[in-house]
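S.K.: Give the three-dimensional model of this entry:
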Amino acid sequence: MSSRPTDVLPPAGPHEPVTVRRFAECDSSEVLTWLLHRAYAGHAAAGRIFFASYQTVQDTDNRLREGECWLALQGRELVGTVTVAAPHEYPDGYPAPAGAGSFWQLAVDPSQRGTGLGKRLLLLAEERIVALGSVQVVIDTSAEATELLGWYRRWGYVPVGTWRWNVTNYESVVLLKDLVTVRNGR
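M.R.: Now for the predicted structure:
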């Protein structure tokens, strides 16, 4: 895990509203990487090595180029993020329908867990995928992350297969959700 970047501001007050906006040129990939490390540290401690738990700043920059990155800020402190793309290009053999969108690195600072920020970022990701022209979203997560799988299933995600990435130490469950109801405003 990396040390705290020097350009992180002191924490915002707990009652300050969280705003969400697109990643901008003035934003720091280092601060974003540090948030990802913090948010995924619990998975790593449980033996599930998500890429986001150890990726470098250069990896973050590469992943930023693959889609739209959204930031959740409490005051000026980064407390959440998600990156979306639609349609998304999947590797050969990955169990996803053609034209499906995806999101990745959905991350919430541990201080924000239980506040609804994860759901807010999930809904934003789905809305953006629909706006970008896809009617389905496909994601994946560790088969061992039962709490996370349950969370996605509660929001309508259905397992459709498995996948093994070469940057993690686990088998992933691939999940799909039909977003037609999101497009129709339901």
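
S.K.: what distance separates the longest strand along the chain from the centre of its chain?
M.R.: When the chain is parsed with DSSP state E, its longest strand is strand 77-85. Here strand 77-85 is found 7 Å from its chain centre; the criterion is Cα atoms, centre = their mean, to the nearest Å.

S.K.: What residues of the helix or strand just after it count as buried?
M.R.: Downstream of strand 77-85, the next assigned helix or strand under DSSP states H and E is strand 102-108. Of all the residues in strand 102-108, those buried under the rule 16 or more other Cβ atoms under 10 Å are 102-108. Using the backbone N, CA and C atoms, a C-beta is placed for each residue, glycine as well.

S.K.: Quickly note the distance from the spatially most central residue of the chain to residue 26.
M.R.: Centroid-nearest residue in the chain, with Cα atoms, centre = their mean: residue 106, separated by 1.7 Å. Distance from residue 106 to residue 26, counting by Cβ to Cβ, to the nearest Å: 23 Å.

S.K.: With residue 61 instead?
M.R.: Distance of residue 61 to residue 26, given as Cβ to Cβ: 14 Å.

S.K.: now swap in residue 69 and tell me
M.R.: 13 Å.

S.K.: Packing partners of the longest strand of the chain?
M.R.: When contacts are defined as 3 or more Cβ pairs under 8 Å, 6 or more residues apart in numbering; DSSP states H and E, strand 77-85 packs onto strand 18-22, helix 29-45, strand 68-74, strand 102-108, helix 117-131.

S.K.: ok so residue 156 is a helix residue?
M.R.: No - counting by DSSP: H, G, I helix; E, B strand; the rest coil, one finds residue 156 to be coil, located in no helix.

S.K.: What residues does the closest residue in space to it that isn't next to it in sequence make contact with?
M.R.: Leaving aside its chain neighbours, residue 156 sits nearest to residue 177 (5.0 Å; criterion: Cβ to Cβ, 6 or more residues apart in numbering). Contact analysis of residue 177 by Cβ atoms under 8 Å, 6 or more residues apart in numbering lists 126, 136-137, 155-158.
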